[in-house]
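*Asks:* sequence below, structure please.
(2 chains)
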Number of protein chains: 2
Amino acid sequence: MKPKAVVLVSGGLDSAVTLYYAKDKGYECRCLTIDYGQRHGREIAAAFQLTKSAGVVLQVIELPFLPKGSSLLDPELKMPAGRTAEDIRNSGEIPNTYVPARNTVFLSLAASHAEAVGASRIFIGAHYEDSSGYPDCRREYLEAFNRVLELGTKAGIEKRLSLEFPLLDKAKKDIIRLGLELGVPFEYAWSCYSGGEEPCGECDSCVLRAKGFKEAGIDDPFFGNK
Amino acid sequence: MKPKAVVLVSGGLDSAVTLYYAKDKGYECRCLTIDYGQRHGREIAAAFQLTKSAGVVLQVIELPFLPKGSSLLDPELKMPAGRTAEDIRNSGEIPNTYVPARNTVFLSLAASHAEAVGASRIFIGAHYEDSSGYPDCRREYLEAFNRVLELGTKAGIEKRLSLEFPLLDKAKKDIIRLGLELGVPFEYAWSCYSGGEEPCGECDSCVLRAKGFKEAGIDDPFFGNK
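*Replies:* Predicted structure coming up:
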């Protein structure tokens, strides 16, 4: 019998690669996506397409966050746009697309599900280089959360549950190359933050995706598909 | 202006004392309770009564957990009953009333709310002595979660958010005495796990409450109120 894993799947590119990675490592994957009132709710449809392609179960949890303090939740807040990847990396600031404690909430829900279904791993597609600079995508944070699992869950205490973040140190281009090797259908992955029907090409997430495909020397199949 | 705090209020005795403690320390309290499908949903009504008495806001978050792996969620599982407080303490086992990653989920939701409303503290009524032996009520776990806040939230990085667990090392009798000093209306606090209309007197939570009042030398006002 295959070991089980819970995979956090947002509908974006990184978590799609993470899902195919976990499958490739032999895990029976159970995916979670969180409908948290994000402006780009379009990514939930993408999560369905990606998990269907992978032949795995997706569960959607509805969890309205307080619509405050993040431009991903509050359309009154202006989202950063038109920044180069270098601008993003060098700003040294947490952008207003940060959603309060988002990964902590997602990982805790994944932990609860993992214990309930007897999964031994939780996978998250967090990475820091070529990311928007969120504190909850850093190694020290993810290791601290793993410690919470070890100390605060029955499965963790019994050494039956831990967190994996296989993309952490990878550049976007290398994540894309890995995804291609694993057969990830990138044409389904949705990255744009802006909440439109088509990617805006301007928000940080669109910029980082475009940079990744460019550096990988590959056309983004999302657009090829149009 | 008062500093703000998010207080996790279950409707039980410990979180009621914690709420009054936080109020007494000068915090403007915003309370959260989680409707997670617990058999003893009666405690949510208690949370309303307690927060109303304290004159503070209560927000209820509905979050159905997987109804697996815990006798608090799955009525097919038999709950421990008839154990003395010594039996509970000495068993060395995590009882089947443990809900997978419950405090981690609750604390992460509290963290997100705290950041959104600009609260500087999260209060939880966890304590270990005279508790049912849950791993997510231990000091090392709570300190690990505090580390997650410090590293993984914007407010934590900016030293504007931390976790407090003022009851941790207290015996139940001392929690009750503190509550009496602070004016906690214990007649509203609901402890029983069993899901009935009246406390069963048999489950671990009823046993620990009865022991606490007995050792404090006080009659439990819940029963005096009948």
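
*Asks:* and residue A:110, what does it touch?
*Replies:* A:6, A:8, A:32, A:122, A:124 (C-beta atoms under 8 Å, 6 or more residues apart in numbering or on different chains). Every C-beta, even on glycine, is put in place using the N, C-alpha and C of the backbone.

*Asks:* 6 Å - rerun?
*Replies:* By C-beta atoms under 6 Å, 6 or more residues apart in numbering or on different chains, the contact set of residue A:110 is A:6, A:8, A:32, A:122.

*Asks:* so for the strand ranked longest in chain A, what gets flagged as buried?
*Replies:* Taking DSSP state E as the criterion, chain A has its longest strand at strand A:28-35. Neighbour-count burial for strand A:28-35, counted by 16 or more other C-beta atoms under 10 Å in any protein chain shown, picks out A:29-34.

*Asks:* is any residue of that strand near chain B?
*Replies:* No: shown here: strand A:28-35 not in contact with chain B (C-beta under 6 Å from any C-beta of the partner chain), separated by at least 10.3 Å.

*Asks:* got the contact list for stretch A:128-139?
*Replies:* Residues contacting stretch A:128-139 (C-beta under 6 Å, 6+ apart): A:95, A:98, A:103, A:126, A:168, A:171-172, A:204, A:208, B:152, B:157.

*Asks:* ends of that stretch, how far apart?
*Replies:* Using C-alpha to C-alpha, to the nearest Å, one end of stretch A:128-139 lies 8 Å from the other.

*Asks:* show me how far it is from its chain's centre.
*Replies:* Distance, stretch centre to chain centre, for stretch A:128-139: 11 Å (C-alpha atoms, centre = their mean, to the nearest Å).

*Asks:* and the longest helix for chain A?
*Replies:* If each helix of chain A is counted by residues according to DSSP state H, the longest one is helix A:102-117.

*Asks:* taking helix B:102-117 as reference, get the angle to it.
*Replies:* Between the axes of helix A:102-117 and helix B:102-117, defined by axes from the mean of the first three to the mean of the last three C-alpha atoms, to 10 degrees, the angle is 160 degrees.

*Asks:* continuing past helix A:102-117, what's the next helix or strand?
*Replies:* Where DSSP states H and E defines the elements, the next helix or strand beyond helix A:102-117 is strand A:121-123.

*Asks:* in PDB, list the C-alpha atoms belonging to stretch A:58-77.
*Replies:* These are the backbone C-alpha positions of stretch A:58-77, laid out as PDB (Å, rounded to 0.1, in the frame of the first residue of the first chain):
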ATOM      1  CA  LEU A  58      -9.100  17.500  -4.200                       C
ATOM      2  CA  GLN A  59     -11.000  18.800  -1.200                       C
ATOM      3  CA  VAL A  60     -11.900  22.500  -1.100                       C
ATOM      4  CA  ILE A  61     -12.200  24.100   2.300                       C
ATOM      5  CA  GLU A  62     -14.100  27.300   2.500                       C
ATOM      6  CA  LEU A  63     -12.600  29.600   5.000                       C
ATOM      7  CA  PRO A  64     -13.300  33.300   4.700                       C
ATOM      8  CA  PHE A  65     -10.400  35.300   6.100                       C
ATOM      9  CA  LEU A  66     -11.000  38.800   7.400                       C
ATOM     10  CA  PRO A  67     -10.900  40.900   4.300                       C
ATOM     11  CA  LYS A  68      -8.400  43.200   5.800                       C
ATOM     12  CA  GLY A  69      -4.700  43.900   5.500                       C
ATOM     13  CA  SER A  70      -4.100  42.300   2.100                       C
ATOM     14  CA  SER A  71      -4.600  43.400  -1.400                       C
ATOM     15  CA  LEU A  72      -5.400  39.800  -2.300                       C
ATOM     16  CA  LEU A  73      -8.600  40.100  -0.200                       C
ATOM     17  CA  ASP A  74      -9.500  43.700  -0.300                       C
ATOM     18  CA  PRO A  75     -10.100  45.200  -3.800                       C
ATOM     19  CA  GLU A  76      -9.800  48.700  -2.300                       C
ATOM     20  CA  LEU A  77      -6.000  48.100  -1.800                       C
END
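
*Asks:* please see if that stretch touches chain B.
*Replies:* Yes: counting by C-beta under 6 Å from any C-beta, contacts between stretch A:58-77 and chain B involve A:65-66, A:68-69.

*Asks:* highest neighbour count among those?
*Replies:* Per-residue neighbour counts (other C-beta atoms under 10 Å in any protein chain shown) across the residues of stretch A:58-77 next to chain B peak at residue A:65, which has 23 neighbours.

*Asks:* and for residue A:157, the neighbour number?
*Replies:* Neighbours of residue A:157 using other C-beta under 10 Å come to 16.

*Asks:* phi, psi of the nearest residue to it once chain neighbours are set aside?
*Replies:* Of all residues not flanking residue A:157 in the chain, residue B:135 sits nearest, at 5.5 Å (C-beta to C-beta, 6 or more residues apart in numbering or on different chains). Dihedral angles of residue B:135 (phi, psi; degrees, to the nearest 10) stand at phi -60, psi -30.

*Asks:* still on that earlier bit, which of the contacts of stretch A:128-139 count as buried?
*Replies:* Buried members of the contacts of stretch A:128-139, counted by 16+ other C-beta under 10 Å: A:95, A:98, A:103, A:126, A:168, A:171-172, A:204, A:208, B:152, B:157.

*Asks:* enumerate the residues of chain A near chain B.
*Replies:* Near chain B, when you scan chain A using C-beta under 6 Å from any C-beta, you find A:65-66, A:68-69, A:94, A:98, A:100-101, A:104-105, A:108, A:111-113, A:115-116, A:135-136, A:140-141, A:144-145, A:147-148, A:151-154, A:157.

*Asks:* and the residues you listed, which are buried?
*Replies:* Buried by 16+ other C-beta under 10 Å: A:65-66, A:69, A:94, A:98, A:100-101, A:104-105, A:108, A:111-113, A:115-116, A:135-136, A:141, A:144-145, A:147-148, A:151-154, A:157, out of the residues of chain A next to chain B.

*Asks:* point out where chain A drops to low pLDDT.
*Replies:* Along chain A, the model assigns pLDDT under 70 to residues A:67, A:225-226.
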